[in-house]
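Asks: have a look at this fold, sequence not included:
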């Protein structure tokens with residue numbers, strides 16, 4: 001059973017709480033670099049053949065993950081399954097919004113991991129085992145990948161949405177389970193807390209992320 005012992009209050013360095021200007025600069029640079037990379041892949045990579053589509057897939061998921069991370073700037077209250085938004089949405093967020101962004105973050109991370117692995121697998125097979133390329137360039141493989149994504153995201157979303165509560169309920173549960181260790185952060189409107197439930201939420205998220213590459 002996975003539990004949290006000690007009930008210590010997490011300490012967050014102020015730099016991770018207020019990074020509006022830094023994040024804005026990063027987002028602008030990221031948008032410019034993304035446009036450049038997309039241009040290069042689509043128009044200057046004829047020799048890559050079908051591999052450029054693997055790169056686009058990988059880049060697509062990575063960009064979604066980066067934008068989501070920069071917009072929300074999640075602040076984790078480890079070792080508890082808790083956190084809040086420290087970015088642009090910090091003054092306006094709610095517990096429900098943080099839960100939704102957490103779901104999106106898990107989905108984008110899984111997509112990024114799968115995209116990277118598929119790109120590496122493509123290069124490895126085409127370099128050392130070209131006779132096996134028929135196994136990755138067929139409809140069955142892509143259907144399996146799509147079904148894996150849909151299933152994982154559905155399970156993850158169902159679990160987190162089931163555990164989603166309003167701001168008042170979240171604070172009540174957190175106060176009871178952590179014996180007041182998170183009371184310091186109750187003024188954060190976007191505070192999210194996932195109940196322990198004998199470790200079930202932790203095991204579920206860990207299993208989904210660790211099996212994001214299972215079909216390969």
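Replies: Received it, and whenever you're ready, just let me know what you need. Keep in mind that this is a model prediction, so the values were computed, not measured.

Asks: avg pLDDT for the host helix or strand of residue 100?
Replies: Element membership of residue 100, judged by DSSP states H and E, is helix 95-128. The pLDDT scores in helix 95-128 average 84.

Asks: report the angle between the next helix or strand after that helix and helix 95-128.
Replies: Note on helix 95-128: by DSSP H and E, the next helix or strand toward the C-terminus is helix 139-162. If you take axes from the mean of the first three to the mean of the last three Cα atoms, to 10 degrees, helix 139-162 sits at 160 degrees to helix 95-128.

Asks: give me the buried positions along helix 139-162.
Replies: By 16 or more other Cβ atoms under 10 Å, the buried positions in helix 139-162 come out as 145, 148-149, 152-153, 156-157, 159-160. The C-beta positions use only the backbone N, C-alpha and C, and glycine is treated the same way.

Asks: before we move on, the earlier item: tell me what the helix holding residue 100 is packed against?
Replies: helix 51-72, strand 74-76, strand 82-85, helix 139-162, strand 192-193, helix 200-210 (3 or more Cβ pairs under 8 Å, 6 or more residues apart in numbering; DSSP states H and E).

Asks: can I get the ones you listed in a markdown table with distance to residue 115 and mean pLDDT?
Replies: What follows is the helices and strands packed on helix 95-128, written out as a markdown table (distance: least, Cβ to Cβ, whole Å; pLDDT from 0 to 100):
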| stretch | distance to residue 115 | mean pLDDT |
| --- | --- | --- |
| helix 51-72 | 3 | 87 |
| strand 74-76 | 21 | 87 |
| strand 82-85 | 25 | 88 |
| helix 139-162 | 10 | 79 |
| strand 192-193 | 27 | 86 |
| helix 200-210 | 14 | 63 |
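
Asks: out of those, the one nearest residue 14 is which?
Replies: Among the helices and strands packed on helix 95-128, the nearest to residue 14 by Cβ to Cβ is strand 74-76 (10.9 Å).

Asks: which elements pack onto the helix or strand containing residue 170?
Replies: Following DSSP H and E, one finds residue 170 within helix 167-178. In terms of contacts (3+ Cβ pairs under 8 Å, 6+ apart), helix 167-178 is packed against strand 192-193.

Asks: quick one: contacts of stretch 20-32?
Replies: 63, 66-67, 70-71, 73, 87-88 (Cβ atoms under 8 Å, 6 or more residues apart in numbering).

Asks: buried stuff in it?
Replies: So stretch 20-32, judged by 16+ other Cβ under 10 Å, has buried residues 23, 27.

Asks: stretch 38-50 too?
Replies: Applying 16+ other Cβ under 10 Å to stretch 38-50 flags residue 41 as buried.

Asks: and the end-to-end length of that stretch?
Replies: 15 Å (Cα to Cα, to the nearest Å).

Asks: what distance do you get for residue 153 to residue 31?
Replies: Here residue 153 is placed at a distance of 26 Å from residue 31 (Cβ to Cβ, to the nearest Å).
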